[in-house]
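Q: Build me a model from this:
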Amino acid sequence: MAVSRETAITIIAMLADGKPVVQSCRELGVVRSELYLAIDREQLTDMLARAREEYAEARVAEMQNIAETVEDVARASHSFAFSMNL
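A: Below you'll find the model as predicted:
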């Protein structure tokens with residue numbers, strides 16, 4: 001089933017807010033390959049690229065914060081996995 005422009009934009013926004021695409025697609029019942037077809041069809045590739053940059057920057061900041069504040073490696077790993085919803 002084709003993914004609407006609005007749904008694609010919603011998933012991209014969720015990515016920018018820190019939610020992985022896989023998780024967003026699962027929650028919304030969207031097949032990832034269909035999402036990427038919609039992104040191409042609707043010319044949303046620049047929006048996706050910006051969202052990926054925001055997502056990556058947030059993850060790096062989070063990892064840096066964990067590294068600076070958690071002394072125990074096992075707890076740091078758990079903290080990062082928790083923050084990634086793993």
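Q: can we go C-alpha only for contacts and neighbour counts from here?
A: Fine.
Q: which helix of the protein spans the most residues?
A: helix 45-69 (DSSP state H).
Q: give the contact list for the most centrally placed residue in the chain.
A: With distances taken as C-alpha atoms, centre = their mean, the residue of the chain nearest its centroid is Pro20 (2.7 Å). Contacts for Pro20 (C-alpha atoms under 8 Å, 6 or more residues apart in numbering) come out as Met14.
Q: quick revisit: which elements pack onto the longest helix of the chain?
A: On a contact count with 3 or more C-alpha pairs under 8 Å, 6 or more residues apart in numbering; DSSP states H and E, helix 45-69 meets helix 5-16, helix 73-83.
Q: What separation is there between the residue nearest to the centre of the chain and Met14?
A: 8 Å (C-alpha to C-alpha, to the nearest Å).
Q: hang on, the earlier thing: compare the mean pLDDT across the helices and strands packed on helix 45-69 and name the weakest.
A: Per-stretch mean pLDDT for the helices and strands packed on helix 45-69 is lowest at helix 73-83 (a mean of 61).
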